[in-house]
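**Student:** predicted model follows, preceded by the sequence.
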Amino acid sequence: GLKFGPTTFKGAASFDLSGAKPALNANIEADQLPINILMGKEANAKSSGGSSGGAASAAQGGSPWTRDAINTDGLRALNADVKLKAGVLSYDNTVLRNASVDVSLKDGVLQMRNIRGDMDKGALQGNITVSAKQPRAPIDLTADIALVNATMASATKALLGRSSQRMQGDLAFKMDEQSS
C-alpha cells in the first residue's frame, strides 16, 4: 500500500491524460482518514500560531468558518470517479467507522453519493453535491444527510460544538444553499 501521513491506502487507480481534462478513476481503501491532519489543519495551527493563512484565518473569533473567498479552481481542474472506503474517517471530534462514499467530479460539480458509515452507535447515510462550475461564481451546496438510531452525543458535538448526552433517536436534514 501507499502511505501518506498516518494513512495507508490500497487499491487501484488510473489517470487518463488524453482528454480535455485529466481524468482519475480509482477504487481505494484506507485504514484511517484523519481529514484535518491530511488537510494540514493541525500543522497550520502549530506553525502559524493561528494568525495567518486560509485555515488559520477561519479560526479568528472562535469560528471554524471563514468569510474569505473559497478558491474552487481545483474542482474544475480534472474529472474523477472514486470509490472510497475507510476503516475510520475522522474530522476533529467527529468519527465515522466503516465509512464509504462514491465520489464523482465532473466540470466543477463534486458529487459524494452513497455516504455510509457507523457513528455513535447509529448509522450515517447521505448524499452531498457541491457545484462550482464557474470561477468566482457562487457555490451551490445540496446535502441530504441522515443519522439513524443514534445517541446524539457525536452529532450534537459536530453540529453545535457541544455534546448532549440526553438526546437519542434519528436526525435528518436536507439543505440546498447557494453562496453569495
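**Tutor:** The structure has been received and is ready for your questions.
**Student:** what's near enough to touch L84?
**Tutor:** Neighbour list for L84: A26, I28, E29, A30, A99, S100, V101, D102, V103 [criterion: C-beta atoms under 8 Å, 6 or more residues apart in numbering]. (Each C-beta comes from the backbone N, C-alpha and C, glycine too.)
**Student:** tell me how far the most centrally placed residue in the chain lies from P22.
**Tutor:** With distances taken as C-alpha atoms, centre = their mean, I35 lies nearest the centre of the chain, 7.4 Å away. Distance of I35 to P22, given as C-beta to C-beta, to the nearest Å: 23 Å.
**Student:** count of neighbours near the residue lying closest to F4 once chain neighbours are set aside?
**Tutor:** Leaving aside its chain neighbours, F4 sits nearest to L38 (7.2 Å; criterion: C-beta to C-beta, 6 or more residues apart in numbering). Using other C-beta atoms under 10 Å, L38 has 15 other residues around it.
**Student:** buried sites along stretch 109-129?
**Tutor:** Under the neighbour-count criterion of 16 or more other C-beta atoms under 10 Å, stretch 109-129 has 109-112, 115, 117, 119-120, 122-129 buried.
**Student:** from the chain's centroid, how far away is it?
**Tutor:** Taking C-alpha atoms, centre = their mean, to the nearest Å, one finds stretch 109-129 lying 10 Å from the centre of the chain it belongs to.
**Student:** send the alpha carbons of it over as CSV?
**Tutor:** Extracted in CSV, the C-alpha atoms of stretch 109-129 (Å, rounded to 0.1, in the frame of the first residue of the first chain):
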residue,chain,number,x,y,z
VAL,A,109,-19.6,19.5,-9.9
LEU,A,110,-18.5,17.3,-6.9
GLN,A,111,-21.0,14.6,-6.0
MET,A,112,-20.5,12.5,-2.9
ARG,A,113,-23.1,9.7,-3.2
ASN,A,114,-23.9,6.8,-1.0
ILE,A,115,-22.1,8.2,2.0
ARG,A,116,-22.3,5.5,4.6
GLY,A,117,-20.8,4.8,8.0
ASP,A,118,-21.3,3.9,11.6
MET,A,119,-21.4,6.9,14.0
ASP,A,120,-22.1,7.0,17.7
LYS,A,121,-23.9,3.6,17.9
GLY,A,122,-26.0,4.6,14.8
ALA,A,123,-25.7,4.8,11.1
LEU,A,124,-24.9,7.9,8.9
GLN,A,125,-26.1,8.0,5.3
GLY,A,126,-26.5,10.6,2.7
ASN,A,127,-25.5,12.5,-0.4
ILE,A,128,-23.8,15.8,-0.9
THR,A,129,-23.3,17.9,-4.1
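**Student:** what ranges does this structure have for its helices?
**Tutor:** Ranges of helices in the chain, per DSSP state H, are 35-38, 41-48, 54-58, 74-77, 153-160.
**Student:** go through these and find the least confident stretch.
**Tutor:** Here the helices of the chain differ in mean pLDDT, and the lowest is helix 54-58 at a mean of 42.
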